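>>> Turn this into a model:
(2 chains)
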Amino acid sequence: DTEVTQTPKHLVMGMTNKKSLKCEQHMGHRAMYWYKQKAKKPPELMFVYSYEKLSINESVPSRFSPECPNSSLLNLHLHALQPEDSALYLCASSQETADSGNTIYFGEGSWLTVV
Amino acid sequence: GEDVEQSLFLSVREGDSSVINCTYTDSSSTYLYWYKQEPGAGLQLLTYIFSNMDMKQDQRLTVLLNKKDKHLSLRIADTQTGDSAIYFCAESSRDDKIIFGKGTRLHILP
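Numbering: from 1, shown residues only, chains lettered A, B, ... in the order given. Predicted coordinates for the structure are as follows:
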């Protein structure tokens, strides 16, 4: 099983809303990632969690707040987003972090539209 | 800094072989990857190759790595309409990141 599950698949939110994206994996992976992908662009790294601790924050605005409640779950809390934050948000996981030579598996993504 | 380059478009006739090329800059990359993204979907890991390998074959897919030239290619034999997608080349970097190319859109001609 190489599945990374993301919910919801689609989310429309207003600029004053608070919402969360959820990601789950049961592969025993210890590294989890959030990526943002705009149309016709490659994914851009946002956050990396390694052993449930935040190891990389790619200077992401504070209106995006990641959380790793346990080794299987990764959340992305959204608050006061802007229309330009509309994108596909991809969660990924790997056995260890990328430099340790482990393949990264992606979920299907959550399509976010900010209105 | 690290960079991954690939051509943006490729058109191939159904049944022919597709070859998607990629160049990268980080010679310390441990792994190099090919991901497939169909419209409206997430990224599917197609295949990957260790940096100490020259070639990897998996059914219709053949990955060739020229480490000296930092060149990676993906060959898809007997290309089918279901292969129509964007293919991302990616490399692992020393600081726990995956660096993606801009993606090659593969278009299949009937």
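>>> in chain A, which segments are predicted with low confidence?
Counting by pLDDT under 70, chain A contains low-confidence ranges at A:1-2, A:97-102.
>>> Please apply the same query to chain B.
Applying pLDDT under 70 to chain B flags residues B:1-2, B:94-96.
>>> quick one, what contacts residue A:28?
A:71, A:95 (C-beta atoms under 8 Å, 6 or more residues apart in numbering or on different chains). Heads up, the C-betas are built off the backbone N, CA and C, glycines and all.
>>> Now do it against residue A:93, distance only.
9 Å (C-beta to C-beta, to the nearest Å).
>>> ditto for residue A:31
Counting by C-beta to C-beta - residue A:31 and residue A:93 are separated by 6 Å.
>>> Would you mind telling me which of these two has more residues around it?
Neighbour totals were compared for residue A:31 and residue A:93, and residue A:93 leads with 28 against 22 (other C-beta atoms under 10 Å in any protein chain shown).
>>> Quick check: the more buried one touching residue A:26?
No - contact criterion C-beta atoms under 8 Å: residue A:93 and residue A:26 do not qualify, at 9.8 Å.
>>> As a check, name the ranges of all strands in chain B.
B:4-6, B:9-13, B:18-24, B:31-37, B:44-50, B:55-58, B:61-66, B:71-76, B:85-92, B:98-100, B:104-109 (DSSP state E).
>>> Most tightly packed of the ones you listed?
Comparing the strands of chain B by mean neighbour count (mean count of other C-beta atoms under 10 Å in any protein chain shown), strand B:85-92 comes out on top with a mean of 24.
>>> right, is that strand up against chain A?
Yes - for strand B:85-92, a contact with chain A is found by C-beta under 8 Å from any C-beta of the partner chain, at B:88, B:92.
>>> Spatially central, which residue of chain A would that be?
With distances taken as C-alpha atoms, centre = their mean, the residue of chain A nearest its centroid is residue A:34 (2.8 Å).
>>> From chain B, how far off is that residue?
12 Å (C-beta to the nearest C-beta, to the nearest Å).
>>> so how far is residue A:58 from that residue?
9 Å.
>>> try residue A:6
From residue A:6 to residue A:58 the distance is 19 Å (C-beta to C-beta).
>>> Also residue A:49?
Taking C-beta to C-beta as the measure, residue A:49 falls 13 Å from residue A:58.
>>> For the two, indicate the residue with more neighbours.
Between residue A:49 and residue A:58, counted using other C-beta under 10 Å, the more crowded position is residue A:49 (21 against 13).
>>> Does that one touch residue A:29 like I think?
No - the criterion here is C-beta under 8 Å, and residue A:49 misses it with residue A:29 at 10.2 Å.
>>> which parts of chain B sit against chain A?
With C-beta under 8 Å from any C-beta as the criterion, chain B meets chain A at residues B:30-31, B:33, B:35, B:41-45, B:48, B:50, B:88, B:92-98, B:100-103.
>>> try 10 Å this time
Contact residues (C-beta under 10 Å from any C-beta of the partner chain) of chain B with chain A: B:4, B:6, B:8, B:28-31, B:33, B:35, B:37, B:40-45, B:47-48, B:50-51, B:86, B:88-103, B:105.
>>> re the thing from before, name the residues contacting each of residue A:93 and residue A:26.
Applying C-beta atoms under 10 Å, 6 or more residues apart in numbering or on different chains, one finds that residue A:93 and residue A:26 are jointly contacted by A:3, A:4, A:71, A:72.
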